[in-house]
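>>> Here's my sequence, what's the structure:
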Amino acid sequence: METNLRWAGGAAFIGQSTGGHTVVIDGPPEGGGKNLGPRPMEMLLLGMGACSSYDVVSILKKSRQRITECEVRITSSRADDHPRIFTKIHIHFMLTGKGLQERQVARAIRLSAEKYCSASIMLGAMADITHDFEIRDAD
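Numbers count the residues shown, from 1 in each chain. This is a model prediction of the structure:
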């Protein structure tokens, strides 16, 4: 895997992924940024959330669960002093489907957290990561 970043002035950088996708990463105005994109630490949480969500949806589909929507809300706390690493991360899954089984959802989240999601496992080496979920019935 390889990525490329190019400074775009102020606190903004243009990142390009191996697949050629671009993203603007910026800082807050008080740090010289123009709020043109997510902050670097937000990108870490977004990456972890996407990684976990991908796993959970994939595992549920393979388990023949009829999932129709997946939304994730992530909250975090960071250390007060530099380096301001994440100390706590909480991932709340909101899953919608027809007849989703609580046992299968819990299993999918556990497998992602403990075995498949590289981003979660790396961040979990420094932060306490917790999970919970709610199941919504699809109309």
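>>> list the contacts for residue 99?
Residue 99 makes contacts with 65-66, 137, as judged by C-beta atoms under 8 Å, 6 or more residues apart in numbering. All C-beta atoms are positioned from the backbone trio N, CA, C, and that covers glycine.
>>> actually residue 72, not the one I wrote
By C-beta under 8 Å, 6+ apart, residue 72 lies in contact with 49, 52-53, 91-94.
>>> if we go to 10 Å?
Residue 72 makes contacts with 45-46, 48-50, 52-53, 56, 91-95, 131, 133, as judged by C-beta atoms under 10 Å, 6 or more residues apart in numbering.
>>> wait, which of those residues is closest to residue 81?
Distance ranking of the contacts of residue 72 against residue 81, using C-beta to C-beta, places residue 45 first at 20.0 Å.
>>> and the closest residue in space to the closest one that isn't next to it in sequence, how many neighbours?
In space, and not counting its chain neighbours, residue 45 is closest to residue 74: 5.0 Å by C-beta to C-beta, 6 or more residues apart in numbering. By other C-beta atoms under 10 Å, the residues close to residue 74 number 15.
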